[in-house]
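A.B. asks: Here is a sequence with its predicted model. Questions after.
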Amino acid sequence: MLFDIVITICVVLLAIMVWARGAQVQKLRRDVNLLRVLLGL
């Protein structure tokens, strides 16, 4: 029972980390696109 809870917590933390990293990558891409537009002008 306790083992199941620990596994669940680990999976949730991993999912949050992956989601956060994905959000950072999207933000970085948006910033790069913004920079390209500014350099294009």
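C.D. replies: Done, it's in. Residues are numbered from 1 along each chain as shown.

A.B. asks: Distance from the chain centre to stretch 12-25, please.
C.D. replies: Here the centre of stretch 12-25 is set off from its chain's centre by 4 Å, with CA atoms, centre = their mean, to the nearest Å.

A.B. asks: Could you do stretch 30-41 as well?
C.D. replies: Mean C-alpha position of stretch 30-41 versus that of the full chain (CA atoms, centre = their mean) differs by 22 Å.

A.B. asks: Please work out the average pLDDT along it.
C.D. replies: When pLDDT is averaged along stretch 30-41, the result is 90.

A.B. asks: Make residue 1 into 4 and carry on from there
C.D. replies: Taking 4 as the first residue, the last one we looked at is stretch 33-44.

A.B. asks: could I get that stretch in CSV with only the CA atoms?
C.D. replies: The C-alpha trace of stretch 33-44 is given here as CSV (Å, rounded to 0.1, in the frame of the first residue of the first chain):
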residue,chain,number,x,y,z
ARG,A,33,8.5,31.8,-28.8
ASP,A,34,11.4,34.0,-27.6
VAL,A,35,13.6,32.9,-30.5
ASN,A,36,10.7,33.6,-33.0
LEU,A,37,10.3,37.0,-31.5
LEU,A,38,14.0,37.6,-31.8
ARG,A,39,13.9,36.6,-35.5
VAL,A,40,11.1,39.0,-36.2
LEU,A,41,13.0,41.8,-34.5
LEU,A,42,16.2,41.0,-36.4
GLY,A,43,14.1,40.8,-39.6
LEU,A,44,12.9,44.4,-39.1
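
A.B. asks: so Val21 is in which element?
C.D. replies: helix 5-43 (DSSP states H and E).

A.B. asks: Return the list of helices and strands in contact with that helix.
C.D. replies: Using 3 or more CB pairs under 8 Å, 6 or more residues apart in numbering; DSSP states H and E, no helix or strand is in contact with helix 5-43. Every C-beta, even on glycine, is put in place using the N, C-alpha and C of the backbone.

A.B. asks: For it, what is the distance to the chain centroid?
C.D. replies: Worked out by CA atoms, centre = their mean, helix 5-43 lies 0 Å from the chain centre.
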